[in-house]
Structure formats: C-alpha cells, structure tokens
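In: what shape does this take:
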Amino acid sequence: MKKKLIIIGGAIVGLILVIFIGLWITIASILNEDFLVSQIESSMNCRAEIEDLDVSLFSAGSISIDGVKIGPRDDEANKGVPMSERTTELKNPLIASKSIDLSLSLMPLLSKRLELQRLVLTEPYLDLRIRPNGETNLSPLFETPKIVNGERNPALDAPPEPAEAEEEPADGEDKPFGASDIPIAGHLERIGIDNGELKLGLSSGDSLHVQGLDVFLTDIDVDPADLANHNSADLEINADVQLSDRAGNEKGMFLVRSTGTI
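Out: Next up, the predicted model:
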C-alpha cells in the first residue's frame, strides 16, 4: 500500500511538472516581440518596435524587454505587418528605453502579496512638446487607432459601456487615493529610472533638457492593513536640468541631487 501511494504521489508530482513546463513553453512561444508589438499597436495609435523580449517563469518570474521604441503610426503599423518583416525603421521615436527589466516572486501572489524585486527602465527617453492649447505631441499616440491589420478597427464600432455609478463617501466628500486603497500588500526592492533623458518643449518657446535622470524608490514596504508599521520607501533623485530659450540659448542650469525616506 505504501509503495502504491509513493508511486501515485510521484506520478502526480510528475504530471504537475509536465503541465508547468508545458505552460511555460506555450507562454514563451506566444509572448514574443511580434505579439507584444501587435498588442501595443492594436490599442494605441502608434508604431512600436522591440529588439528583444525574454520571459522566465522559473523560481522568480522575470521579463526583460530591450530596445523599446514608440513613435507616430505609419502604414506598416496600420497593415499589421509583423515587426520582423518590416522594411522601414522607426528612426525618431518619441518614447524609447534601452531596456525594461521586471522581476517578481510568484509564490507570494497566492497570499495576495506582491513581491517585486526589480522594475527598472534603463536609459528611457521622452520627447514631449506642449502646445499653446495645452495638448501635447504625445496625445495622438494614446488615441484609439482607426485601422488595425489593414481594416477598420472594430473597437470604433463597439457600443459604449454603461457608466458605473460611483459610490459617494459617507461624509459626502471625495476621498483622495491613498496607500490604504491598494488591494494587495507588497514589498518592492527596487523600482525606478536609470540614466533617463527628457526633452520638454514649453508652449512659451522655452525648453527643458533633463539628462542623467536617476529616480529610484528602494525598500518599498506597503501593507494597507498595517500602514502604521508598513508605509515607507527610500527615494533617490539625480538630474542635470538645462533651461533654454526659443533660440536655444541657455538660460539656466540646475543640478538636482536628493535622497531621503518617504
């Protein structure tokens, strides 16, 4: 009897292992560069490029995305041409990042705890222009695309979803969002931007150029059920900020260096 139980137990463990490996292989085969680009371009009015995507679900789940670029939509994006088959390159992206690295522990999710070891954007780039009417050059990128895979986007013809009635607070006043509204507890070791660059064109004609931007939150400890003891993070900000006029003449240079606990 004992021998039979051992055999049955071993078979169950083996079956679970085979299923897990099968799921991992399936996910890895589906979640590739072409798939992610198609998902972005189906929901955003943009063209996207990704050089490399690596997904690992063993021990700690990790996703690494290299060479991310997002820019104005073009004919190849409208036609849904697979990224690997495109003949033109996105040369002047408005949003880019050398790499995006994310890693998290899978087991704590079962107990509604988010343990994200790392979420880092390496050398992100943003080219933002604010127009006199208050809109920006990035606004069109986040509109619903009119053409997807060479045809009219079905999302444009979908009936609007009914608006959900919002519950008013007991005192009749709006409550600001706070840490206690986060649905799960979490401990994040590192999240932020490494050596970022921001070009900001103001409606006045002046411009800001931010280089060497480092923004990191570390040792983030948040538990909505126990905010008295778990509601803190270490913050580090470094940046070189240059202010220029319409003609490109420098009007000021600011060196930002700050660390502390929030």
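
In: in stretch 235-243, what's buried?
Out: By 16 or more other C-beta atoms under 10 Å, the buried positions in stretch 235-243 come out as 237, 239, 241. Just so you know, the C-beta spots here come from the backbone N, C-alpha and C atoms, and that holds for glycine as well.

In: which residues does the first one bridge with?
Out: Partner residues in beta bridges with I237, using DSSP bridges, are V215, S258.

In: wait, what's in contact with it?
Out: Residues near I237 by C-beta atoms under 8 Å, 6 or more residues apart in numbering: 214-215, 256-259.

In: how many neighbours does E197 have?
Out: 17 (other C-beta atoms under 10 Å).

In: check S258 too.
Out: S258, neighbours per other C-beta under 10 Å, totals 10.

In: go on, S232?
Out: 13.

In: now the residue sitting nearest the centre point of the chain, nearest residue through space, not along the chain?
Out: Central residue of the chain (C-alpha atoms, centre = their mean): I100, 8.2 Å from the mean position. Among residues not flanking I100 along the chain, I65 sits closest, at 4.5 Å (C-beta to C-beta, 6 or more residues apart in numbering).

In: got the contact list for the one you found?
Out: 36, 50, 52-54, 97, 99-101 are the contacts of I65 under C-beta under 8 Å, 6+ apart.

In: list only buried entries from those residues.
Out: The buried subset of those - by 16+ other C-beta under 10 Å - is 36, 50, 53, 97, 99-101.

In: going by distance to G252, which of those wins?
Out: Set against G252, the nearest of the buried ones among the contacts of I65 by C-beta to C-beta is S97 (27.8 Å).

In: sec struct for that closest one, please.
Out: Secondary structure state of S97, per DSSP: H, G, I helix; E, B strand; the rest coil, is strand.
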